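[1] My questions concern the predicted model and sequence given below.
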Amino acid sequence: MTSFDSGAILGRLEELRSADAPTHGGRVLSYVYDSGRPELDELAAQAMRLVQPVNGLDPTTFTSVAVMERELVGFARDLLHGDDEVVGSVTSGGTESCLLAVKTARDVWRAAGGSGTPRLLAPVTVHAAFQKAAALFDLALDLVPVDATTGRVDASALISRIGADVALVVVSAPSYPYATLDPVGEVAAACAQAGVACHVDGCIGGWILPFWTDADGAPLPGWDFRVPGVTSLSADLHKYGYAPKGSSVLLQRDRDRQRRQYFATTGWPGYPVVNSTLLGSKSAGALAASWAIVQALGTTGFAELAESCRRATRGLQDILGDIEGLRVVGEPTGPLLAVAADDAVPADRRVDPHYWADRVRRRGWVLQLQPGLEQTDGTRLPRTTHLTITPVTEARIDELEAALRGAADEARGVPPVDGNAVLASLPSELVAGLTSGATLDSATAAHILAAIGLAGGSTPGLPDDQAPLLALVEALPLPLTERLLTELLARAVEPPVRPDSAPRFAAPTGE
């Protein structure tokens, strides 16, 4: 039997992890959701260990899977005010929940007599997962511009585009880029009148907005299953449910509708296949961890953590409002903030949010840079920096404030990085290749990445100063930046090129 040194293996893993951004302590204000309660992490780890060998493919064989999913869906249904006709599934994350919501809506639309290519209608701020869903399931994506100052979509502009070819309208609670609570009530009512499905993307807000209030302490406008016309809703457990990646819940109103989410076949000589999600065989680990955390916290625990997030968010909003040259975009709902340059002050007093975020990073805090975007109506959404606030933020808000203010003092008056200037600084033959419109092959894309300092070396990752990269993203055509970023991510996980003499694999010794 082959022997191994577990200490050495785990030691190398610890070494690799040491290069990651920190997942606890609140210094990364995106991607991770730290409850600040290590006992929850330990509970989740133990729950995952207990179900490590379980295959979530078949809940009739592994009945623990059925019980945990049933109880999780039931808790989520109650939290989001669904009645007994609301049913659902636990998925591998927000993207899968969104994909399944779109696939279900497309199939229901077709069954009702729809022909041709259906439309998916949403504000431009809808999560990119819906762009992926439209591409995978062959829907035409119809994105409605939002107000460039507030990030909010006008309900009438969205409603005016509803037609018989629309399979699904999507609104967000809240949107990820700007934390805007879309006008769910108005849109869902119009959808109901037109007989069109309406999905609420509550992936980031679903487990915290039930405990949230507006700036005046009043309840939020209706956004969940209390709103007639809402046909489905997604809510990620691995965000403000504080579960490990990846775990989400997709709830659908009406059992017959939800059954179209499933894939089933007996048309092959193997076992009957019935899948509620896109995956077949799947780990039960994230499901068990999510179930355990919900058992531990209940509504009272989630409410307490939400209140900490609310206090920290209000505090940060006040701090950012007091920093000359910056502004918080719109009227954020939930523990998210988007920060832009304040165009109301003279240019020499403005703070470019990307240059600012790079300076914050140098102080040990990681914010998320978001590029500007030209909308189809010709208006331009500003470049912003995104902050996700978690329960651990409150205890460290003084440290964070010092970093935010100090970075702003450094960045104030510094002109934004000009993407066209970055482009012009590159070698002429490279610029010609970038702007020719030709399709890039992998080798050419890798050459361009290397020329702009984004490829090569043994350690994957982005440069510490990302403002020039985001400026280039804004300056280049979208298909080109998407191709280059695809190459960057693909190269990051490719095995190294072997010398010609290297063996392909270790041959058996026969011993």
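    Arrived safely, thanks for sending. Numbering: from 1, shown residues only.

[2] going forward, measure contacts and count neighbours with C-alpha atoms only.
    Will do.

[3] What is the least confident helix or strand in the chain?
    Lowest by mean pLDDT, DSSP states H and E among the helices and strands of the chain is helix 428-435, with a mean of 68.

[4] Give me the distance between residue 171 and residue 415.
    35 Å (CA to CA, to the nearest Å).

[5] Those two - which one has more neighbours?
    For residue 171 and residue 415, the more surrounded residue by other CA atoms under 10 Å is residue 171, and the numbers stand at 30 against 14.

[6] ok, now which ones touch residue 245?
    Under the criterion of CA atoms under 8 Å, 6 or more residues apart in numbering, the contact list for residue 245 reads 92, 93, 238, 286.

[7] give me every residue that touches the third one.
    When you say that, I think you mean residue 238. For residue 238, the contact set (CA under 8 Å, 6+ apart) comprises 33, 93, 244, 245, 246, 247, 248, 290.

[8] swap in the last one?
    Counting by CA under 8 Å, 6+ apart, residue 286 touches 48, 243, 244, 245, 246, 247.

[9] Lowest-confidence one in the residues you listed?
    pLDDT is lowest at residue 246 among the contacts of residue 286; the value there is 91.

[10] That one contacts residue 96, doesn't it?
    No: between residue 246 and residue 96 there is no contact under CA atoms under 8 Å: 9.8 Å.

[11] which of those two has more neighbours?
    Each of residue 246 and residue 96 has its neighbours counted (other CA under 10 Å); residue 96 has more, 23 against 20.

[12] Correct me if wrong: the more buried one contacts residue 279.
    No: using CA under 8 Å, residue 96 makes no contact with residue 279, being 9.2 Å away.

[13] re earlier: counting only strands, which of the contacts of residue 238 make the cut?
    Using DSSP state E, the members of the contacts of residue 238 that fall in strands are residue 248.

[14] now the contacts of residue 238 as CSV including distance to residue 124?
    Converted to CSV, the contacts of residue 238 look like this (distance: CA to CA, whole Å):
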residue, distance to residue 124
33, 25
93, 21
244, 29
245, 26
246, 25
247, 25
248, 23
290, 31
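
[15] dump the residue contacts of residue 282.
    55, 56, 57 are the contacts of residue 282 under CA under 8 Å, 6+ apart.

[16] tell me the SS of the last one?
    Read that as residue 57. Using DSSP: H, G, I helix; E, B strand; the rest coil, the structure places residue 57 in coil.

[17] what's the burial count for it?
    Neighbour number of residue 57 under other CA under 10 Å is 20.

[18] again, but for residue 43
    Neighbours around residue 43, by other CA under 10 Å: 17.

[19] and it, how far is that from residue 31?
    Between residue 43 and residue 31 the distance is 21 Å, computed by CA to CA.

[20] I figured residue 65 hits residue 56, correct?
    Yes: using CA under 8 Å, residue 65 is in contact with residue 56, at 6.3 Å.

[21] Overlap of the contact sets of the two?
    Shared contacts of residue 65 and residue 56 (CA under 8 Å, 6+ apart): residue 284.

[22] Could you tell me whether residue 333 really is in a strand?
    No: according to three-state DSSP, residue 333 belongs to no strand; its state is coil.

[23] From residue 317, how far off is it?
    From residue 333 to residue 317 the distance is 11 Å (CA to CA).
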